[in-house]
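[1] predicted model follows, preceded by the sequence.
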Amino acid sequence: MSKTMNPRRHDIDALRVLALAVLILYHIGMYYVANWGWHIKSAITYEWLQDVMILTNPWRMSLLFFISGVAIANALANALACNKYSAAKLVALKSQRLFIPLLFGMFVIVSPQVYFEALSQNLIEPDFWQFWLAYINPTTTLLSEHHSTIGLLTWNHLWFLPYLWVYSIIVILFRQPITSLANARWLKQVPLGLMLLFCMSALIAIWWALSASYPSTHSLIDDWYNHGKYFFVFLIGLVFAMQQNWWQSITNYRLVILAIALCCYAFIIADRHGVWATLADLYQTNLSVKLFYAVIHSANHWLWIFAVVGFAGYYLNQKSTFISYANRAVLPYYMLHQTLIIVFAWWLKSLAIHPIIESLILLVLTVTGCYLGYELIKRSMVLSMLFGTTKKTPKPAIQRAPQLASPN
């Protein structure tokens, strides 16, 4: 392959930042949404907020895995281009980037979430440091009914990191057949519509085969439906990165894709409010109706991903100082944000502020806390390692449709 590097895709950098912004807003929404369990809840909750959050709920995490697939495609392209990194070196780099932050996050960052959740349920007495000593002790008897195989230790919102680590290691170990498939001449001739049909069909098959037997747990070991969905999305992102015709097509047809995505979302919301009651009554007994619902939900999942990628490609594929800065801060922000939301929400709760005003204050405090945290992290070599970032500006991570050499 040519060793000339392609221009950086600034739109993917921007999408990574926007995906994190959506995640922060979503987790703040979880504090106020009615009838959805979360670590702590506001005294005042709203059912209508469910409809708003369902807009991004089906695809927000898939977008992150899709972007991660694009990123690893570029990492493999760089490794092949410079012939510098072995599989072992790539595994070590990926582990340093993801596994160290995961362990640090579990032992330190996540612990206040567990503490305030237990405190809100009157399961413990107020004393964080005493709780933390029990939390990091895998043989503790504190809150034994809430134990996993490692006691109270948990990764909570950091579940994305071990999943991404596992998927990345699999791709690195099997990079030769994967890159051969991604560079297949016939694949480059597949139109966007046919690719979308394949993605929808595969997601339906994964849902049909695994969702009932393996409900979502985010526990890695037995979470086979989520693995089927997210690993597939991750692989699609990897392959998508190398198909210039797909990138161009979703940019050209972004308005059409968005319009159909909005129709799918409208159908789902109408169904939740009983508009299609007669049709919904047949869901469990009529195979055709069940398949129809599966098509709607699968289309909703993929079309929103492609819509935001298409709009980002049209409007955001240009260099931005802010995006360059924010892109380096994504992992620290991701690690810190949910803990900050819970800590600040717990403090604000006693002030009995109106939820609209309170939510705005909560957002400002959370983003400010993440900003100050990152500014501290990037100035410390130790903290930079623990949060999976570097003090130096990284080399371009996303390129325009990187071409991977087929293995010899």
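    Looks like it came in fine. Numbers count the residues shown, from 1 in each chain.
[2] contacts and neighbour counts: CA atoms only from here.
    Fine.
[3] count of neighbours near Gly193?
    Using other CA atoms under 10 Å, the number of residues around Gly193 comes to 12.
[4] what confidence value was assigned to it?
    Gly193 is assigned 93 on the pLDDT scale.
[5] in what element of secondary structure is it found?
    Element membership for Gly193 (DSSP states H and E) is helix 192-210.
[6] what's the answer for Asn57, then?
    Using DSSP H and E, Asn57 sits in no helix or strand.
[7] ok, now Leu303?
    Using DSSP H and E, Leu303 maps to helix 287-315.
[8] give me the helices and strands touching that helix, please.
    Counting contacts by 3 or more CA pairs under 8 Å, 6 or more residues apart in numbering; DSSP states H and E, helix 287-315 is packed against helix 10-32, helix 192-210, helix 244-252, helix 254-272.
[9] any chance of a markdown table for these, columns distance to Leu287?
    Formatted as a markdown table, the helices and strands packed on helix 287-315 follow (distance: least, CA to CA, whole Å):
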| stretch | distance to Leu287 |
| --- | --- |
| helix 10-32 | 34 |
| helix 192-210 | 12 |
| helix 244-252 | 32 |
| helix 254-272 | 18 |
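[10] buried deepest among those, which one?
    Mean neighbours per residue, mean count of other CA atoms under 10 Å, is largest over those for helix 10-32, with a mean of 21.
[11] now do the buried residues in the helix holding Leu303.
    289-290, 293-314 (16 or more other CA atoms under 10 Å).
[12] re earlier: after the helix holding Gly193 comes which helix or strand?
    Toward the C-terminus from helix 192-210 - assigned by DSSP H and E - lies helix 224-240.
[13] now the angle between helix 287-315 and that following helix, please.
    40 degrees (axes from the mean of the first three to the mean of the last three CA atoms, to 10 degrees).
[14] what's the neighbour count on Trp276?
    For Trp276, the count of nearby residues is 13 (other CA under 10 Å).
[15] sorry, back to before: nearest to Asp51, of the helices and strands packed on helix 287-315?
    Proximity to Asp51 (CA to CA) singles out helix 254-272 among the helices and strands packed on helix 287-315, at 6.5 Å.
[16] angle of the closest one against helix 287-315?
    Using the same axes, to 10 degrees, helix 254-272 lies at 140 degrees relative to helix 287-315.
[17] tell me the first helix or strand C-terminal of helix 254-272.
    Helix 254-272 is succeeded, C-terminally, by helix 277-281 (DSSP H and E).
[18] what's the straight distance from one end of stretch 42-61 to the other?
    End-to-end distance of stretch 42-61: 24 Å, with CA to CA, to the nearest Å as the criterion.
[19] quick check: buried residues in it?
    Within stretch 42-61, the residues that qualify as buried by neighbour count (16+ other CA under 10 Å) are 42, 45, 50-51, 53, 55-61.
[20] could you measure from the residue lying farthest from the centre of the chain over to Tyr293?
    Note on the chain: the largest C-alpha distance from the chain mean falls to Thr278, namely 35.1 Å (CA atoms, centre = their mean). From Thr278 across to Tyr293, the span is 13 Å (CA to CA).
[21] Gln243 now?
    Gln243 sits 30 Å away from Tyr293, going by CA to CA.
[22] run through the chain and note the low-pLDDT ranges.
    Applying pLDDT under 70 to the chain flags residues 1-7, 79-85, 390-408.
[23] at the geometric centre of it, which residue do we find?
    Residue closest to the mean C-alpha point of the chain, counted by CA atoms, centre = their mean, is Met61 at 3.2 Å.
[24] can you verify it is assigned to a helix?
    Yes - judged by DSSP: H, G, I helix; E, B strand; the rest coil, Met61 forms part of a helix.
[25] give the contact list for it.
    Contacts for Met61 (CA atoms under 8 Å, 6 or more residues apart in numbering) come out as none.
[26] flag every buried residue along stretch 313-323.
    Using 16+ other CA under 10 Å as the test for burial, stretch 313-323 gives 313-314, 316-317, 323.
[27] how far out from the middle of the chain is it?
    Relative to its parent chain, stretch 313-323 has a centroid offset of 21 Å by CA atoms, centre = their mean, to the nearest Å.
[28] cool, stretch 315-330 as well?
    18 Å.
[29] what of stretch 316-331?
    Using CA atoms, centre = their mean, the offset of stretch 316-331 from its chain centre is 17 Å.
[30] ok, residues contacting it?
    Stretch 316-331 has contacts (CA under 8 Å, 6+ apart) with 9-14, 16-17, 20, 374, 387-389, 393-394.
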